[in-house]
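Enquirer: my questions are about this predicted structure, shown below with the sequence.
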Amino acid sequence: MKIKAPKDFWAGLMFIAIGVGFVVVAQNYNMGTALRMGPGYFPTVLGGLLAFLGLIIFGQSFAVKGEPLPTFKLRPVIIVLIGICLFGALIRTLGLIPAVLTLVLVSAVGHQAFRWQSTIVLAIGLAAFAVLVFYYGLGLPYKLYPGH
């Protein structure tokens, strides 16, 4: 059997794996009934639906012609992971604003269409959004910048 749609093949496998994973983990919780659902009911049902959807997509990958899989680029993944690690390291020492700015600026370098002007505007906007939501809106006890 020849795979005609590689994207659908791998997406279907991923959906199946994640769905089955949810079903397996949810078995550690009480299922309950449809009228009195336990904590394991909802993840089991959603995991089963996701696995079923994955099975359909997986099956279609052998029947319907689709796009080829693009080449996997490791550089952007590594750069984004570095940005996330820097965010985690900086949020307690420098504060929320420098951590968010660093996260956005470092992570954006990994994109092939990286532009400094739009990245700086995005970083400032996301930092302001983070301050409004997490500091003022939710009242989380982050310091905003060094010395705050």
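Expert: Everything's here; your move.

Enquirer: excluding covalently adjacent residues, which one is nearest to residue 119?
Expert: Closest residue to residue 119 apart from its sequence neighbours, by C-beta to C-beta, 6 or more residues apart in numbering: residue 108 at 4.2 Å. C-beta: built from backbone N, CA, C; applies to glycine.

Enquirer: ok, now residue 79?
Expert: Nearest non-adjacent residue to residue 79 (C-beta to C-beta, 6+ apart): residue 110, at 3.4 Å.

Enquirer: ok, the one you found - contacts?
Expert: 75-80, 83 (C-beta atoms under 8 Å, 6 or more residues apart in numbering).

Enquirer: just residue 142 next, same as before
Expert: By C-beta under 8 Å, 6+ apart, the residues touching residue 142 are 91, 95-96, 134-135.

Enquirer: which strand or helix spans residue 44?
Expert: For residue 44, the element it lies in under DSSP states H and E is helix 41-60.

Enquirer: name the residues that touch the helix or strand following that helix?
Expert: The helix or strand immediately downstream of helix 41-60 is helix 74-93, counting by DSSP H and E. Applying C-beta under 8 Å, 6+ apart, the contact partners of helix 74-93 are 98-100, 102-107, 109-112, 142, 146.

Enquirer: and the furthest pair within the residues you listed?
Expert: 112 and 146 (33.4 Å; C-beta to C-beta).
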